[in-house]
Each structure stands twice: as structure tokens, then as C-alpha cells.
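Trainee: whatever this is, show me its structure:
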Amino acid sequence: MRRADVYDLAREVAKFRNDPLGFVLYCYPWGQGELADSTGPDANQREFLEALGKEVRERAFDGQRAVMPIRMAESSGHGTGKSALGAWIANWIMSTRPWSIGTVTAGTATQLEERTWSALHKWTRLCITAGWWEQLSTGIYVKKELCQAHQSPENWKVVAQTCKEENAQSFAGQHAATSTSWYLFDEASAVPDGIYEVAYGGLTDGEPMMFVWGQPERNTGEFHKICFGSLAARWNHRRVDSRTSRFTNKELIAEWERDYGEDSDWFRVRVLGLPPTADELQFIDYATIKAARKRQVEVLRDEPLIAGFDVSGGGAAWNVIRFRRGLDARTYPPIRITGEQGRERAVLIAKAAEVLRYGVNGQPVAAMFVDSAFGAAIVERLLTMNFRNVHEVNFGGNSPDVHCLNYRAFMWRQLKDWLANGAVPDDERFAQQLGSPGYHVNRSNKLVIEAKQEMQKRGLVSPDDADALALTFARAVAPVALKRPRRPVGYLSTWS
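Mentor: Numbers count the residues shown, from 1 in each chain. Coordinates of the predicted model:
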């Protein structure tokens, strides 16, 4: 792009410095190409962008004197177009505010990579200013050729950061005294409070902005305070009911209402954008998982080694065998079979047979529990191979515990109780899977763990790894019979 053309476009785009809605309507090819079926923002998105423009005009930043930060929040149900809205705002800030610096994060690494950051790349590519930016996997920077000799693309950018609490300092030191330092937190209920505290430090100069939104999965924490609690007065916040969004499947929402009830916590969070009445909808909290990742445990000599085999139905899901011996689910590494091999039943049977025949790290496997949904044929073949320590488990079958809806809920409840004292690998992806499933109590007062299909609708990965560990709690397994040491010749018992 010629520098003269860049200057002409920059002057045109600068007209929308105080008008983010105008920017969105002007700078994307609505009704053409990829957007042939799109007409622009829906009513909820328009209202947010108009409110943002009003906040900007009220502050009238002059490029020198710092103004109060723009802080905007949205508590909403599922599927209301938040990822697209975040991308539009990012493009608007970057295109109208030279030398602005932004950081984007989300409640999970999967949400950040596959939804939030992916949407930002898509809309940046579609934006009229697409030629200004160098799009990299973890950052979008102004192109070097558009900088003067003394300038660096590092000072005009937006980057993606995971929100692990130990990563909090990555959010520090972000300042843009003559421009805009900004943050965007997607699925903000799951972002640790420590990340908020550090990010607030980047709102002290220039024309700072912070945007936080998502489903209110907890009724505690910083996001809850912002939308419903002690910090609400400081933020421009709103709640969006999924039923009012142009993008949601109204027939599916009606089905949810029939299944869960409008007063259920599940419906409140996923549709109404209201916090749960219980502590939170995450069945296993991250504090419990974090402690289990660091805990050291001892295992009794007669503890059996148990294997759980979650068999994939194909696609991106994994085939995973996980191992647990008493309180220890860390020492014995998991076996993951993905890709083309994962679709070959012969490969899966061979791997399971190898584990049953030879054990792991010299320790024999006392029992292997296999998910029957896609693993029934594998169990049948293993039984014909004369393995008697392999067992089929129907996740949807009747629970041994009357307080759980099905066998999956029963196993996850056992897993949750075990985590209070157990040890798991210090693995971020595995930790996310343990903490991903939501839950509710149905009208019969039975525990229901969120189905994999529902999790995928929320943009979460299938918890195959975590389900494999849950399978190790399918049934109690007897301790291993230890060989009794032989008494030396001439030994006299002190009890004789």
C-alpha cells in the first residue's frame, strides 16, 4: 500500500474516532463476500457501540492530559455476538488511535485461541484498514514500513495473553500516555481476580479503556462485583438476554427452557445472563484443581493401578487412557491417541491389550474401565482375547448413587471428592478440562453434569482427558494381594 494511500485512508477513518458504531458500519464490507448474509451489528451490539462512543465524547481526550478510564461490562447469555463485538472494538481502537496498545485474554486458553483471538484475526482481515497490520499468531502489529525511523511496531499493537494467575505480570507495564492502553477480557467470569488487579494498573494514563464480558458463571469474584456488586457504580454495564439476540437459535433456547426451567441456575447463566444462585456453575473449582496440581502424596503398597479409557467418536476428540493408583494420578503418564490412528479400532484394541498385558512402568493394571459409547466393540474384543480385568461403563446408565442422574455424574462426583486429597499432573490443558463441565440439580434433586455436546456449544473442547480419569472411579477395586515375607529359620513370634 502506497504511503499516500495510507494517509488518505487514515484521514477518512479518523472521522470515526468518537464513533465506533459508524466505524463498524463503514469499515467492513457488509452484504458482500464473506458478509453476504450479514447486515451489520444487531440491536444489542449497536447499543454497546453507541454507549462506548458517548463515553469517549464525554472525556474528550486531548492527547496529553489523562482522562478517567472507560470501563464497560456486559453480562450475557450464550451466543450474543461478543467475540465479533470485541474484534470490532479492537479494530476501531487500533485504526483510530495511533500507538495504542491492547491486551486480549479469555477465561480459558481454548476460548482465547479458538473464539476470541480467531474472531479478531477474521475481522481484521475484513477491515478496510487490513493493509496496515502484520497479523501474527499471538499479536497484531502495525507494519514496519508505516513507522518512522525512530518508531517500533511494538508500540502500536494488540497481543493475546492467557489468564493463568501465575501469568499476571504479563498484564503489567502497559501504558500509552498519548494514546490508548486497553484490555479486553472475554468469558471474564473465569479470569482470576489477580489478573484484574494487575490490569487496572494499565489504566492510569492517556485514554485508557477496559472491556469485560461473558456468562456470569460465578456469583463471586471481580466480574460479579463489576456487573452485580460493589463495583457496578464505576462501570458502564448491561445485561443481555440471549433471547433478544439476532444470532441465537430460539428453538434451541425454548428446548433448554423446557429441560431446565427458567428459574434454574443453568438457564439463568446460559440464557438470561444472570449469576447462579448457588456458588458457581463450574462443578470442580479451579482452586481445588490448582491444589491437586501441586500436592505431593504417598501411595500404599497394595493400592491397585486403575486405568480409564475414554474412546473418541472421531473428529477433534482424543482417545485417552489415564491411570490412577490411590491418591496418585500423576506418576503414570496418560496415553493419547489422536489423528488418523485414533480412527482405527485395531490400533486402539492393540494399545489397550498392551496396557492390560504388560502394565505401566512395571506396575500391572488391576482394572480398566472403558466408556461404552464408542468403546463397546473394543471391550468385546478384549474379552475374547481372554482379558478379564476390562469392564464396560455406560456413562448414561443408572447411577449407584440415587443423588446422581447417571453414571457419568456419579463418577465425576467421586472424582471431585478425591481431588481434595489427590494429585494430578501440573498440566494446564488437563486442568482446564477438569474445570470445564458445568452442572445443575434437576427437578428430581439429582446431580447432572453438563454433557459434552453442550460444552462444545459453549466453545469448549471435549473433556476426553478428564473423562478418562473419571472412569477410574467407576467401581471400587480391591487392594493388590502382597506376597507375605517368609519367616527366617528359627524365628519366634513375640505373640506366641
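
Trainee: for the rest of this, base every contact and every neighbour count on C-alpha atoms.
Mentor: Noted.

Trainee: chain center to stretch 204-212, what's the gap?
Mentor: How far stretch 204-212 lies from its chain's middle: 25 Å, per Cα atoms, centre = their mean, to the nearest Å.

Trainee: can you get me the start-to-end distance on it?
Mentor: Using Cα to Cα, to the nearest Å, the gap from the first to the last residue of stretch 204-212 comes to 18 Å.

Trainee: same question for stretch 161-181.
Mentor: One end of stretch 161-181 to the other measures 15 Å (Cα to Cα).

Trainee: can you point out the buried residues in it?
Mentor: Within stretch 161-181, the residues scored as buried using 16 or more other Cα atoms under 10 Å are 161-164, 168, 170-171, 174-181.

Trainee: what about the strands in the stretch 301-450 of the chain?
Mentor: Taking DSSP state E, counting those that start in this stretch as the criterion, the stretch 301-450 of the chain carries its strands at 305-310, 319-325, 335-337, 365-371, 390-393, 439-441, 447-449.

Trainee: for those strands, which one ends up most surrounded?
Mentor: The highest average neighbour count among those, using mean count of other Cα atoms under 10 Å, belongs to strand 305-310 at a mean of 28.

Trainee: output that strand as CSV, restricted to C-alpha atoms.
Mentor: The C-alpha trace of strand 305-310 is given here as CSV (Å, rounded to 0.1, in the frame of the first residue of the first chain):
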residue,chain,number,x,y,z
LEU,A,305,-3.3,-49.4,39.4
ILE,A,306,-6.6,-48.5,37.6
ALA,A,307,-7.0,-47.4,34.0
GLY,A,308,-9.8,-45.3,32.5
PHE,A,309,-10.2,-45.4,28.7
ASP,A,310,-12.3,-42.7,27.1
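
Trainee: parallel or antiparallel, list what pairs with that strand.
Mentor: Here strand 305-310 is paired, per DSSP bridges, with strand 319-325 (antiparallel), strand 365-371 (parallel).

Trainee: least reliable of the strands of the stretch 301-450 of the chain by average pLDDT, please.
Mentor: Here the lowest mean pLDDT among the strands of the stretch 301-450 of the chain goes to strand 439-441, at a mean of 86.

Trainee: so after the helix or strand His224 falls within, what's the next helix or strand?
Mentor: Here His224, judged by DSSP states H and E, is contained in helix 222-228. The helix or strand immediately downstream of helix 222-228 is strand 236-240, counting by DSSP H and E.

Trainee: partners of that next one in the sheet?
Mentor: Strand 236-240 is paired, per DSSP bridges, with strand 70-76 (parallel).

Trainee: contact partners of the partner strand?
Mentor: The contact list for strand 70-76 (Cα atoms under 8 Å, 6 or more residues apart in numbering) reads 52, 55-56, 207-216, 226-227, 234-242, 269-274.

Trainee: list only buried entries from those residues.
Mentor: Buried members of these, scored by 16+ other Cα under 10 Å, are 52, 55-56, 207-216, 226-227, 235-242, 269-274.

Trainee: residue contacts, Leu327?
Mentor: By Cα under 8 Å, 6+ apart, the residues touching Leu327 are 297-299, 418, 421-423.

Trainee: now the spatially closest residue to Ser75 that is not a sequence neighbour: how far from Gly396?
Mentor: Spatial nearest neighbour of Ser75, excluding adjacent residues (Cα to Cα, 6 or more residues apart in numbering): Arg239 at 4.7 Å. Here the criterion is Cα to Cα. By it, Arg239 lies 35 Å from Gly396.

Trainee: please dump the strands paired with strand 305-310 into a markdown table; it should also carry distance to Ala109 for every row.
Mentor: Listed next are the strands paired with strand 305-310 as a markdown table, based on distance: least, Cα to Cα, whole Å:
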| stretch | distance to Ala109 |
| --- | --- |
| strand 319-325 | 20 |
| strand 365-371 | 27 |
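
Trainee: quick one, which of the ones you listed is nearest to Gly435?
Mentor: Between Gly435 and the strands paired with strand 305-310, the tightest spacing by Cα to Cα is seen for strand 319-325, at 17.0 Å.

Trainee: which residues touch that closest one?
Mentor: Under the contact criterion Cα under 8 Å, 6+ apart, strand 319-325 has outside partners 299, 303-312, 329-330, 332-338, 342, 464-465, 468-469, 472.

Trainee: which residues sit in contact with the residue nearest to Phe387 when sequence neighbours are not counted?
Mentor: Of all residues not flanking Phe387 in the chain, Leu356 sits nearest, at 7.5 Å (Cα to Cα, 6+ apart). Applying Cα under 8 Å, 6+ apart, one finds that Leu356 lies in contact with 364-365, 368, 387, 389.

Trainee: again, but for Gly63
Mentor: Residues in contact with Gly63 (Cα under 8 Å, 6+ apart) are 177-179, 206-207.

Trainee: how about it, secondary structure?
Mentor: Judged by DSSP: H, G, I helix; E, B strand; the rest coil, the three-state class of Gly63 is coil.

Trainee: same question for the one 4 residues further on.
Mentor: Three-state call for Val67 (three-state DSSP): coil.

Trainee: remind me which residues of this protein are low pLDDT?
Mentor: 1-4, 278-280, 314-316, 339-342, 458-459, 484-496 (pLDDT under 70).

Trainee: put the alpha carbons of the helix holding His224 into PDB.
Mentor: Output in PDB follows, covering the C-alpha atoms of helix 222-228 (Å, rounded to 0.1, in the frame of the first residue of the first chain):
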ATOM      1  CA  GLU A 222     -14.300  -9.500  40.300                       C
ATOM      2  CA  PHE A 223     -16.600  -9.900  37.300                       C
ATOM      3  CA  HIS A 224     -19.500 -10.500  39.600                       C
ATOM      4  CA  LYS A 225     -18.600  -7.300  41.500                       C
ATOM      5  CA  ILE A 226     -18.400  -5.300  38.300                       C
ATOM      6  CA  CYS A 227     -21.800  -6.400  36.900                       C
ATOM      7  CA  PHE A 228     -23.900  -7.100  40.000                       C
END
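
Trainee: now that helix: buried residues?
Mentor: Going by neighbour count (16+ other Cα under 10 Å), the buried part of helix 222-228 is 222-224, 226-228.

Trainee: ok, now stretch 351-362?
Mentor: Within stretch 351-362, the residues that qualify as buried by neighbour count (16+ other Cα under 10 Å) are 352-353, 355-356, 359-360.

Trainee: what residues are up against Tyr439?
Mentor: Tyr439 is in contact with 266, 281-283, 447-450, counting by Cα under 8 Å, 6+ apart.

Trainee: now render these as CSV, adding distance to Lys122.
Mentor: Formatted as CSV, these follow (distance: Cα to Cα, whole Å):
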residue, distance to Lys122
Trp266, 31
Leu281, 31
Gln282, 30
Phe283, 33
Leu447, 40
Val448, 36
Ile449, 34
Glu450, 30
